[in-house]
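Chemist: Sequence and predicted structure, then a few things I'm wondering about:
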Amino acid sequence: MAADTLFQRITDYANRADPYPLYAELRENGVARQDDGSYLVGTYHEIAALLHDPRISSDRRQRTVPDGAAGTDEGVPPSFIGLDDPEHHRLRGMAMRSFGPPHTPDRIDGMHEDITRIVRDLLAGLADKERIDVVDDFAYPLPVTVICRLLGVPAEDEPRFREWSDAIVAGFDPTPDEDPAERQRAGTEARKTMALYLGDLAERRRGHPSGDMLSAFVNDAGPEGQLTPLETMATGVLLLIAGHETTVNLITNGMLTLLRHPDALARLRREPELMPLAVEELLRFEPPVQMLPQRTPLADIEVAGRTIPKGSPLILMLAAGNRDPQRFADADRFDPAREDNQHLGFGSGVHSCFGAPLARLETQIALHELIRHLDTPRLIEDPPEYRRSPVLRGPRHLLIGRG
Amino acid sequence: MLGEPRADRIVIVGASLAGLRAAETLRAEGFTGSLTLIGDETHPPYDRPPLSKQVLLGKVAADRTGLPQRRRLDADWRLGVRAGGLDPVGKRVLLDDGADVPFDRLLIATGTRARPWPHPDEAALDGVFTLRTSGDAAALAARLDAGPRRVLVIGAGFTGSEIASACRERGLEVTVAERGPAPLVGALGGTLGELAAKLQRAHGVDLRCGVTVTALEGDGRLTGAQFSDGTRIDADIAVIALGAVRNTEWLAESGLAAGPRGVTCDAGCRAFDMYGIVTDDIFAAGDVARFPHPLFEYQLLSLEHWGNAVAQAEVAAHNMVSPGPRRRPHLTVPAFWSSQFGLNIKSVGVPTFSDQVVIAQGSLKDARLVAVYGYRGRVTAAVSVNQARSLDYYRHLIETAAPFPPAPGAADQRESPVPVPSDVPDPKLLSHGPTVALTGHLPDRRLTVVQPAR
Ligand SMILES: Cc1cc2nc3c(=O)[nH]c(=O)nc-3n(C[C@H](O)[C@H](O)[C@H](O)COP(=O)(O)OP(=O)(O)OC[C@H]3O[C@@H](n4cnc5c(N)ncnc54)[C@H](O)[C@@H]3O)c2cc1C
Ligand code: HEM
């Protein structure tokens, strides 16, 4: 089939369970121009180079091709994932102050026990169930509980922000199908609502810090000063969504992959110390963030012998790069002990995942405890039902039976 | 496989970074023969970069920078004994303790040592230090702990500047004397040298450029120093940071092309003899080696960089156990880093191989930037300050001999920046010939291609 329909086919929900043959086709084609003027790149070395190329912007407002998702958020400014340096650097640095090194080096390590306890409580609640939905019963509640504690968001409010979060994710779903404008409008609306909600929570902590990140945003100042109220809102939304919508897929994809590879599952039971490597392999093999749809070149750039004009939408297919045989030996094989594994699952370059240490820790603990908890798990439905988004790809439900 | 030299005797002289990494690579590539490492230091291999950083700050003990051994080596370690000579005909390394060690293939990885203060009686004063070994670092750190009134650092290259930075971070008074116009100027040129000078002064360093130290004073103990401009200071510690001397004296009678500038070898790390004939059983890697690099017009480079020691050791080891056609060239683009005065400096390429420089990203004002260096219209180096993430992009520009100045369009640099002279010691003037570029990502597929003159 023609390469200029690749994006349509990749985003087609019918291909959600197994997009990998399409990614192989994309790699064969090098750079694939789509008929809407956007460009797809799916080979590892080219993606890695573009992620380090200073001429590539993450700011959608740089696009010359009309882009419904840009500039519609009157009120709430873009968060740092959608900004370029030096703004991006400043905001990321201020958010990092209360999250990781050098100012808060122990925050994530210090959550080890907490996360283990949350995981064990969740599993204890499942003890009597014959049939488990890995998503609803386990992989979703865990990261949500963790990100809520981290940010200082009451877990009881989960039903509210789940709805907003769903709408926001749908809003940046780039699938060129039914009524993208309406999806985007609803997404923008939800983002505004979530921003106001988080801004209000943060304001109430001004002068009354409670050890969480929202408190830090409004109470602590570094050499760069403090986040403004609008910046606090935008950053809060980013963290809540990122903490909410990604780790769930890694845990679920992880369990699904292990059930499909019983040898690997048996090996991880025998050699639990392999879990960190196995999680890296999952990030390569079934990455929760399949693509980065929001890059734009600021100059005409040459990629693999083709010119991508300034201002064109540029879509980096991380999941395709992760299976590139030019980079990974036996790329389509799941090898939980793979050593040479610089995958693109967390992106790379200035925007590389802010929450990676947390996501790794959560997933390592979650999978470790889950496979210990289930003696003889069995997949009830394969492939499972997937979520809609082709960007944040993962099962909507994953039903497994015990024995 | 027949004819594959995988099972005989390999000797490595110099048991530090390059020696260790070569030994590991030899085993990883299936070498099953006998492996001997000879080193004159008594410690197992350790890492030097922390010695002028964390160790001087008291954050890491000097004897705690041991290099991790990444695999079982099954090697014969001869530590604490110096190699005093090489018999290339009998193929033996002669040790100072009288023993000799026969080899089938030899790797020379004897690195460098600190250049001493030229006046031995002044150098012998209590309080005068150099910094190369963990012993040096331990002694200096202990003296800094004791709270000296003033530290004099002679030489403002990377090591000297890092030492000065550590001293200031500990709240000690520091004078830095540099013969050149600014710190780091010999490595990075005028623009970044000026930035370094500004930052050192902002951090409270008494920085004196364009002067030399004419005498270290003292009677048994160091008490002060005199400068070429007629001034003097009181100081109870002086650190001599005048660069490195290559450890090649032991090769004086070996017939190899070994001298003060290092051991000359080819792109495959094979040493040359003094007639310029390449040997086939003696290899060199790390700080002691001098090798031609196609990207820099085949000039012989000697690099004192951690990353080069590792990469070159791996290539040398591979070639030591691989038959001719499978051998690889050492084509890595040079790279190093330094941290000082709150700056994280990273470099790719060879900044001194340049005639112009441009601030391609960020700004000098924020001390967060990327400076790109060019030579005769092509990119030859890039140096980042607190902003290293796009260095891989510039590495690619260097590898492909991309035109200089780089096209504008960086996401954080909207105006077109203007190149200025790079003000580094002039690179050797060469005829304007074709340039060479590198292609490919995998070590065994990396190739050079010749590009016609522009
Ligand atoms: C204080 C300091 C800070 C540094 N910081 C950085 C940095 O930030 N970034 C960076 O890129 N690089 C840095 N470097 C440079 C880096 O450490 C060197 O590039 C690296 O150590 C080179 O490794 P090598 O094995 O080639 O040589 P060396 O480490 O010099 O090892 C050579 C070994 O051979 C031994 N030897 C010498 N002669 C004989 C003989 N005749 N017989 C037996 N043994 C012998 C020596 O004693 C030594 O143990 C720093 C170096 C120092 C000293
Ligand atoms: C398995 C789970 C996760 C995956 C696979 C993942 C993946 C990614 C990827 C690919 C990017 C790069 C985006 C880009 O370049 O445009 C990114 C950025 C980011 N992630 Fe994650 N992420 C995960 C979990 C988290 C968590 C738990 C958090 C929050 C605590 C988080 C916060 C962020 C933020 C804030 C950014 C933007 C960084 C920037 O722009 O500088 N992520 N993530």
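Modeler: Done, it's in. Numbering: from 1, shown residues only, chains lettered A, B, ... in the order given. Ligands and ions are numbered 1, 2, ... in the order given.
Chemist: by contact count, what packs against the one helix or strand B:Glu162 maps to?
Modeler: With secondary structure defined by DSSP states H and E, B:Glu162 is part of helix B:158-169. In terms of contacts (3 or more Cβ pairs under 8 Å, 6 or more residues apart in numbering or on different chains; DSSP states H and E), helix B:158-169 is packed against helix B:134-145, strand B:151-154, strand B:174-178, helix B:190-202, strand B:335-340. Any C-beta I mention is one placed from the backbone N, CA and C, and that applies to glycine too.
Chemist: For A:Ser389, find the nearest of these.
Modeler: With Cβ to Cβ as the measure, strand B:335-340 is the member of the helices and strands packed on helix B:158-169 nearest A:Ser389 (38.9 Å).
Chemist: in that closest one, what's buried?
Modeler: Using 16 or more other Cβ atoms under 10 Å in any protein chain shown as the test for burial, strand B:335-340 gives B:Ala335, B:Phe336, B:Trp337, B:Ser338, B:Ser339, B:Gln340.
Chemist: what's the average pLDDT for that strand?
Modeler: In this model, strand B:335-340 has a mean pLDDT of 93.
Chemist: what about that strand and ligand 1, any contact?
Modeler: Yes. Contact of strand B:335-340 with ligand 1 (Cβ under 6 Å from any ligand atom) involves B:Phe336, B:Trp337, B:Ser338.
Chemist: Any idea which helix or strand in chain A has the lowest mean pLDDT?
Modeler: helix A:158-171 (a mean of 88; mean pLDDT, DSSP states H and E).
Chemist: Kindly export it (C-alpha atoms) in CSV.
Modeler: Taking Å, rounded to 0.1, in the frame of the first residue of the first chain, the C-alpha atoms of helix A:158-171 are listed here in CSV:
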residue,chain,number,x,y,z
GLU,A,158,-10.4,10.7,40.9
PRO,A,159,-13.8,10.3,39.1
ARG,A,160,-13.8,14.0,38.3
PHE,A,161,-10.3,14.2,36.9
ARG,A,162,-10.5,10.9,35.1
GLU,A,163,-13.3,12.4,33.0
TRP,A,164,-11.2,15.5,32.2
SER,A,165,-8.1,13.4,31.6
ASP,A,166,-10.0,11.2,29.1
ALA,A,167,-11.2,14.3,27.2
ILE,A,168,-7.7,15.8,27.2
VAL,A,169,-6.1,12.6,25.8
ALA,A,170,-8.8,12.3,23.2
GLY,A,171,-8.2,16.0,22.3
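Chemist: immediately after that helix, which helix or strand?
Modeler: Next element after helix A:158-171 (DSSP H and E): helix A:180-205.
Chemist: ok, the closest residue to ligand 1 within the stretch 151-300 of chain A to chain B distance?
Modeler: Residue of the stretch 151-300 of chain A nearest ligand 1, by Cβ to the nearest ligand atom: A:Pro223 (25.1 Å). Using Cβ to the nearest Cβ, to the nearest Å, one obtains 11 Å as the distance from A:Pro223 to chain B.
Chemist: Same check on A:Ile81?
Modeler: Counting by Cβ to the nearest Cβ - A:Ile81 and chain B are separated by 14 Å.
Chemist: pretty sure that residue contacts A:Val350?
Modeler: No. Counting by Cβ atoms under 8 Å, A:Val350 is not a contact partner of A:Ile81; they are 10.5 Å apart.
Chemist: wait, which of the helices and strands packed on helix B:158-169 is closest to A:Leu198?
Modeler: Of all the helices and strands packed on helix B:158-169, the one in closest proximity to A:Leu198, counting by Cβ to Cβ, is strand B:335-340 (36.3 Å).
Chemist: mind saving the C-alpha coords of the helix or strand just after the closest one as PDB?
Modeler: Counting by DSSP H and E, the next helix or strand C-terminal to strand B:335-340 is strand B:343-349. Extracted C-alpha coordinates of strand B:343-349, given in PDB (Å, rounded to 0.1, in the frame of the first residue of the first chain):
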ATOM      1  CA  LEU B 343      29.400  25.100  34.800                       C
ATOM      2  CA  ASN B 344      29.000  21.700  33.100                       C
ATOM      3  CA  ILE B 345      31.200  22.000  30.000                       C
ATOM      4  CA  LYS B 346      31.100  19.400  27.300                       C
ATOM      5  CA  SER B 347      33.000  19.300  24.100                       C
ATOM      6  CA  VAL B 348      32.900  17.300  20.900                       C
ATOM      7  CA  GLY B 349      35.300  17.600  18.100                       C
END
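Chemist: can you give me how far strand B:343-349 is from the chain middle?
Modeler: 13 Å (Cα atoms, centre = their mean, to the nearest Å).
Chemist: what about the residue of chain A found nearest chain B, how many neighbours?
Modeler: Nearest residue of chain A to chain B: A:Ala299, at 3.1 Å (Cβ to the nearest Cβ). Neighbourhood size, A:Ala299 [other Cβ atoms under 10 Å in any protein chain shown]: 16.
Chemist: roughly how far apart are the residue lying closest to it once chain neighbours are set aside and A:Thr307?
Modeler: Residue nearest to A:Ala299 in three dimensions, not counting chain neighbours: B:Gly409, with 3.1 Å by Cβ to Cβ, 6 or more residues apart in numbering or on different chains. From B:Gly409 across to A:Thr307, the span is 13 Å (Cβ to Cβ, to the nearest Å).
Chemist: Neighbour count: the two, which is higher?
Modeler: B:Gly409 (20 against 13).
Chemist: What strand or helix carries residue 149?
Modeler: Just so you know, I chose chain A. Using DSSP H and E, A:Arg149 falls in helix A:141-151.
Chemist: Please refer instead to chain B.
Modeler: For B:Arg149, there is no helix or strand it lies in under DSSP H and E.
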